[in-house]
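Engineer: need a structure here:
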Amino acid sequence: MNENGRSRRSLLRTGASALAAAALMPKVAAACATAGLSPKTARTIRRYYAAWEHKDWHALETLLADGFTFTSPNDDHDSLSLFKTRCWDSNVDLIGHFDLQLIAGNGNDALAMYVLHVRNGKTIENIEHFHMRDGKVASVRCYFGEQNSYPAAVTRAAG
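Structural biologist: Numbers count the residues shown, from 1 in each chain. Got it, this is the predicted structure:
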């Protein structure tokens, strides 16, 4: 044993682990270098939420790709027409504004975390996953912050 209480064998194992870690570093660095959200995708996502705030269906629809689907705990890959009926028509007038907390992603996928301020004064925290195709929103998956955490449900609960 040396003065620090470590054996040569222990130091050799530590050295081998450090060598293995160093060999992996270029792969990790390369993964980080390719990660990130394109400015175009970030703008599209911000425009998506702005269309909700401005109650502008046409502006929202122009951001959506052919074959768009919406999924949530209440919806299973709903088509555009079903999304408009079930989500837009029943919720848009209840929305005050969105405070976007985070938009992050890689390639064609992004997550948006937000606080939604509903017109009755309540707030909702959700995360949505966006999948992009050719610069447009191909699908959205909404993860509710709590059970019935969408504008129409929160408004009904406040009665």
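
Engineer: tell me the helices in this protein, going along the chain?
Structural biologist: 8-34, 39-53, 57-61, 80-83, 89-91, 151-158 (DSSP state H).

Engineer: buried ones in the second one?
Structural biologist: Within helix 39-53, the residues that qualify as buried are T41, A42, T44, I45, Y48, Y49, A51, W52, counting by 16 or more other Cβ atoms under 10 Å. Where you see a C-beta, it was placed from the backbone N, CA and C, and this is true even at glycine.

Engineer: residues in contact with the closest residue to the last one other than its chain neighbours?
Structural biologist: It refers to W52. In this structure, W52 finds its nearest non-sequential neighbour in I95, 5.5 Å apart by Cβ to Cβ, 6 or more residues apart in numbering. Taking Cβ atoms under 8 Å, 6 or more residues apart in numbering, we find I95 in contact with W52, E53, K55, L116, H117, V118, R119, P151.

Engineer: Filter these down to the buried ones, ChimeraX style.
Structural biologist: Those of the contacts of I95 that count as buried under 16+ other Cβ under 10 Å are selected in ChimeraX with:
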select :52,116,117,118,151
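
Engineer: May I see the contacts of I95 organised as TSV, with distance to Y143 added?
Structural biologist: As requested, these are exported to TSV (distance: Cβ to Cβ, whole Å):
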residue	distance to Y143
W52	17
E53	20
K55	24
L116	13
H117	19
V118	18
R119	22
P151	16
